[in-house]
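Chemist: coords please:
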Amino acid sequence: GLYFVGHAINKQTTLGKNLQKVKKRHGIANIDLIRTYCGLLAQGKSDFDAVDNYRHDDWFKRSMGIKQMPSASRLRQRFDEDATQLIPHIEDSLPEVLRNFNAPVTPLPENLDKFRHIPLDMDVFPMDNSNTKKEKVEWTYKKFHGYAPIAAYLGTEGWCMGCELRPGSQHSQKDFIGFFRSTLHRSRRLTQAPILVRLDSAHDAEENRIDLVENSDLIENENTRAQSLTNSTEWLRQANHHQTINKLIAVFYDNHSRARIISVGNKITVDGYRL
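Modeler: Numbers count the residues shown, from 1 in each chain. Here you go, the predicted structure:
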């Protein structure tokens, strides 16, 4: 398995070349830092100190293609210094490796969606880091101390198109638009089929509807704490007259929850309203 990880990084992406654009502060190449840490992650080890157990492991270095192995302290230092510049290049390699492996990106089944959208799911998932002193560990909405990362998964296979670590107390909507745009850009490198973004009620915000439906179709749970059904119905009536967006919006609701379906160019009839 470790050899496959090294092959994917070294042979199926241009990550090594792209990381040369990030000026290194010390002698070890940026790509060797990424190879080393990915090798650790592939074996279920996320702490920097674990690298010291592999510094003299020839199989580890050969499998990952590592030319110069960093120490734990150097690995931590370089990531602290350069992570902001390294991360965009790493994220851009995600669709590259999937495309080069001819990975399928499967749409929703026709019996559920006659337009055969490719689903793009985005959500926050709190991580429990109770009883730790890690930086940015804060009180989450799940009522424990931890982080609140946001992730995006494409296709019915669930290919990861982005995962951003966030402080535990950060609201799901904060900085969401930037995350969505970069994720959609990477997704479009894999497919030009219609994309259906699926969100929960934490992302029920007008700025999302404006930005997302210009680039994709959208289904989202309605945040019933934010507005009443009367307001939703009125918004539904007026949606087709919005001057800035070509969009069609439907509100479906049952005894427990409501969801909006926002579609571009497909007429929908709901409760007698043809939009």
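
Chemist: where does pLDDT dip in the stretch 1-150 of the chain?
Modeler: Scanning the stretch 1-150 of the chain for pLDDT under 70 picks out no residues.

Chemist: where along it do the helices fall?
Modeler: Per DSSP state H, counting those that start in this stretch, the stretch 1-150 of the chain carries helices over the ranges 2-11, 15-18, 30-42, 58-64, 72-100.

Chemist: relative to F101, how far out is R55?
Modeler: Distance check for R55 against F101: by Cβ to Cβ, to the nearest Å, it reads 30 Å. C-betas here are computed from N, CA, C, even on glycine.

Chemist: so the two - more neighbours on which side?
Modeler: Applying other Cβ atoms under 10 Å to R55 and F101 shows that R55 carries more neighbours, namely 14 against 10.

Chemist: give me the neighbour count for the residue nearest to the more buried one when sequence neighbours are not counted.
Modeler: Residue nearest to R55 in three dimensions, not counting chain neighbours: M69, with 5.1 Å by Cβ to Cβ, 6 or more residues apart in numbering. M69 has 22 neighbouring residues, counting by other Cβ under 10 Å.

Chemist: could you do T191 as well?
Modeler: T191 has 17 neighbours, counted by other Cβ under 10 Å.

Chemist: OK, contacts around A83?
Modeler: By Cβ atoms under 8 Å, 6 or more residues apart in numbering, the contact list for A83 is empty.

Chemist: ok, now with 10 Å
Modeler: Applying Cβ atoms under 10 Å, 6 or more residues apart in numbering to A83 gives the contacts I90.

Chemist: next one: A202
Modeler: Contact analysis of A202 by Cβ under 10 Å, 6+ apart lists 123-124, 141, 150, 171-173, 176, 220-221, 223.

Chemist: bridged to the spatially closest residue to E91 that is not a sequence neighbour, which residues?
Modeler: With Cβ to Cβ, 6+ apart as the criterion, E91 has its nearest non-adjacent residue at 6.2 Å, and that residue is G162. Beta bridges link G162 to A152 when assigned by DSSP bridges.

Chemist: look up how far T140 lies from G162.
Modeler: 20 Å.

Chemist: cool, P126 as well?
Modeler: Taking Cβ to Cβ, one finds P126 at 4 Å from T140.

Chemist: with F179 instead?
Modeler: Distance, F179 to T140, by Cβ to Cβ: 18 Å.

Chemist: the more surrounded of these two?
Modeler: Legend: neighbour count by other Cβ under 10 Å for F179 and T140, higher for T140 (21 against 18).

Chemist: and the residue nearest to R55, what does it touch?
Modeler: Contact partners of M69, counting by Cβ under 10 Å, 6+ apart, are 28, 32-33, 35-36, 39, 51-52, 54-57, 60-61, 75.
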